[in-house]
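[1] Any chance you can model this:
(one chain, ligands or ions: 2)
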Amino acid sequence: MPKPLEQLPEGEIERRYRIGGVMTDVLDYLTSGFVERGFEWSLPVVFSESTDPLWPDPGASIEKRIAVEIYGKTVRTTASMIIHKMVACSLLYPKLFILSPNVRIEKRERALSGRHAYEFTQLDFEVRDASSRDIRSLVEGVVCGLVDGLRRDAVEQLVYLGRHRTLKTPHAPFKCYDKEELEKRYGEDWERQLTLEITEPAWVTGIPREFYDFEDDGKWDNYDLILPQYGEVLSGAKREWEYEKIIKKMERDGIKKEHYTLLLKLAKEGRLKPSAGAGIGIERLVGWIVGAQHLGETQIFPKIPGMVYDL
Ligand code: AMP
Ligand code: MG
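    Ligands and ions are numbered 1, 2, ... in the order given. Predicted structure coming up:
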């Protein structure tokens, strides 16, 4: 398990320094890549009435949801910027991205997955009137360009971390799998099996989950990006924008409508617009690139489920 910074032996400090170098390059590439593609860069929020319910999501495992009272109102810590993105994309920026802290108090057994932190960062982005295919092509361009750029400009770090030979630039378009088909082939453990089988990043589509992902006749227009030998690094979707549909799905899933008053009001007034987008887990992306055993190795102050260090 990754130790806190002050307990790291000297050799490990050197490795962490190199991982930090890759993190800097990744953040630099991603943020400038989105700005160059015409996205506005928004800052995140920490507290608000509405946040991602993280339910129902087959991947969710939340032990505690944080809600506090300030100024006589109950607010929740950001689990993801999905609601804010949908609103900002509808009312203000047709293309936006946000680097945002996500607080998710994951069940403590997830410490062992090596893929979960209870505080992590997402690069969340959304595009008005975009289709799922548009977003998938955008992500493919970003991922291929990122790996290619790192292989060219971060040679020293990648060689030190033992990844220069094994980290190959992927080829777009990535293969696309249907979740139901995967389940038929592999059973419930499909994600792990697919992760072990693929040698290039791959898409999985049609995953039943939260109300905001678009669903038509039981077909979900959403997608996850799976990295070879690693697992899910990104989730995204075309979004719902119609009031009646959102309400129906919330009722079906037992979501508290009173936690989403503004979103529902905008939808009812027809001010919520169609969009599509995704969120990339930064620690997972960097963890995959550097070959980390645990994504806590990519955090200077690790937030490992079940472990609260001093900083
Ligand atoms: P989600 O929309 O819930 O799939 O979250 C988007 C992305 O955030 C995922 O694809 C992961 O890369 C990342 N992510 C989700 N949960 C965690 C976690 N507990 N720790 C680290 N990264 C996470
Ligand atoms: Mg996901």
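
[2] can you pull the contacts of His164?
    Arg151, Val155, Leu158 (CB atoms under 8 Å, 6 or more residues apart in numbering). (Glycine included, C-beta is placed from N, CA and C.)

[3] I'd assumed Thr166 was in contact with the last one.
    This means Leu158. No: taking CB atoms under 8 Å as the definition, Leu158 is not a contact partner of Thr166, at 9.2 Å.

[4] Which one's more surrounded, those two?
    Remark: of Leu158 and Thr166, Leu158 carries more neighbours, 22 against 9, as counted by other CB atoms under 10 Å.

[5] so the more buried one sits in a strand?
    No: Leu158: not assigned to a strand; according to DSSP: H, G, I helix; E, B strand; the rest coil it is helix.

[6] Now it: closest residue in space that isn't a chain neighbour?
    For Leu158, ignoring the flanking residues on the chain, the nearest one in space by CB to CB, 6 or more residues apart in numbering is His164 at 3.9 Å.

[7] The one you found in helix, strand or coil?
    Going by three-state DSSP: His164 is coil.

[8] For ligand 1, what's the nearest residue on the stretch 101-250 of the chain?
    Using CB to the nearest ligand atom, the closest approach of the stretch 101-250 of the chain to ligand 1 is made by Ser235 at 3.3 Å.

[9] In terms of helices and strands, where is that residue?
    Per DSSP states H and E, Ser235 falls inside strand 231-238.

[10] Mean confidence (pLDDT) on that strand, please.
    What strand 231-238 shows for mean pLDDT is 98.

[11] and the next helix or strand after it, what does it pack onto?
    Going down the chain from strand 231-238, the next helix or strand is helix 243-253, by DSSP H and E. With contacts taken as 3 or more CB pairs under 8 Å, 6 or more residues apart in numbering; DSSP states H and E, helix 243-253 sits against helix 261-268.

[12] how does it look with 10 Å?
    Contacts defined by 3 or more CB pairs under 10 Å, 6 or more residues apart in numbering; DSSP states H and E place helix 243-253 against strand 215-216, helix 261-268.

[13] Kindly list the main-chain dihedrals of the closest residue to Ile289 other than its chain neighbours?
    Computed as CB to CB, 6+ apart, the closest residue to Ile289 that is not its neighbour in sequence is Val22, at 5.9 Å. Backbone torsions of Val22, given as degrees, to the nearest 10, read phi -70, psi -40.

[14] that older thread, how close does the residue of the stretch 101-250 of the chain closest to ligand 1 sit to Tyr71?
    Using CB to CB, to the nearest Å, one obtains 33 Å as the distance from Ser235 to Tyr71.

[15] More neighbours: which of those two?
    Ser235 (23 against 5).
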